[in-house]
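Visitor: After the sequence you'll find the predicted model.
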Amino acid sequence: MNRCTASPAFTTAPWRAALLATALLVLTGATSAQDAVRPFPAAAKRGTLQVTYPPEVLLNGKNARLSPGARIRGTNNMLVLSGSLAGQSLPVNYILDPQGMVHEVWILNATEAQLSKDAANLPPNYVSDPSTGAGEMGAKSSAPAASSPR
């Protein structure tokens, strides 16, 4: 004997609507975060990266090599393995190490790729001035500056 007076479709509909609304909110939040522009180092250069056979890559159409400690960051700023990028041609910002090997790579999202290289260089979110002892976020050290011996 069925003792439930409400139909099953009526009792589950609010839960389904709430679940759908939550999923939509999460998805819209994720897409807006992907359009954020990350601050890149001033030494970073713009180019196109294609991983051929790791650690061998094509950088702007020329042969290059990833350094032993190379880090490739995806559009979400998380590390990406070079093997997973094989065959793809991606817009990137990169830094070379002193030996000329590719050491740091940032895969650009759509917004970053449209900006010019100079427009993507945002000021850092901290201040570091050794002469005044200022550290992160402009906080000043209470210790006096050390003087050099004569």
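Guide: Thanks, I have the structure now. Note that the structure is predicted; figures quoted are calculated from it, not measured. Residues are numbered from 1 along each chain as shown.
Visitor: need the next SSE after the helix or strand of the chain with the lowest mean pLDDT, C-terminal direction.
Guide: Counting by mean pLDDT, DSSP states H and E, the weakest-scoring helix or strand in the chain turns out to be helix 8-34, with a mean of 60. Per DSSP states H and E, helix 8-34 leads on to strand 45-53 as the next helix or strand towards the C-terminus.
Visitor: ok, so what distance separates Val51 from Gly87?
Guide: As defined by CB to CB, to the nearest Å, Val51 lies at a distance of 7 Å from Gly87. For every residue, glycine as well, the C-beta is placed using N, CA and C.
Visitor: Among the two, which residue is more densely surrounded?
Guide: Using other CB atoms under 10 Å as the criterion, Val51 and Gly87 rank with Val51 on top: 23 against 7.
Visitor: Now that one. Nearest residue, chain neighbours left out?
Guide: Leaving out its chain neighbours, the residue that sits closest to Val51 by CB to CB, 6 or more residues apart in numbering is Leu85, at 4.4 Å.
Visitor: List the contacts of the strand ranked longest in the chain.
Guide: Ordering each strand of the chain by length in residues (DSSP state E) puts strand 62-73 first. Outside strand 62-73, the residues that touch it by CB atoms under 8 Å, 6 or more residues apart in numbering are 54-58, 79-82, 85, 97, 99-107.
Visitor: In strands only, show me those residues.
Guide: Applying DSSP E to the contacts of strand 62-73, the entries found in strands are Glu56, Val57, Leu58, Val102, His103, Glu104, Val105, Trp106, Ile107.
Visitor: Would you mind checking these for buried ones?
Guide: Neighbour counting by 16 or more other CB atoms under 10 Å classes Val57, Val102, His103, Glu104, Val105, Trp106, Ile107 among those as buried.
Visitor: ok so, going back, neighbours around the residue nearest to Val51, how many?
Guide: With other CB under 10 Å as criterion, Leu85 counts 20.
Visitor: any low-confidence regions in this protein?
Guide: Counting by pLDDT under 70, the chain has low-confidence residues at 1, 4-21, 23-34, 117-150.
Visitor: what about Tyr94, which SS state?
Guide: strand (DSSP: H, G, I helix; E, B strand; the rest coil).
Visitor: Find the residue closest to it in space, skipping its chain neighbours.
Guide: In space, Tyr94 is closest to Val105, 4.9 Å off (CB to CB, 6+ apart).
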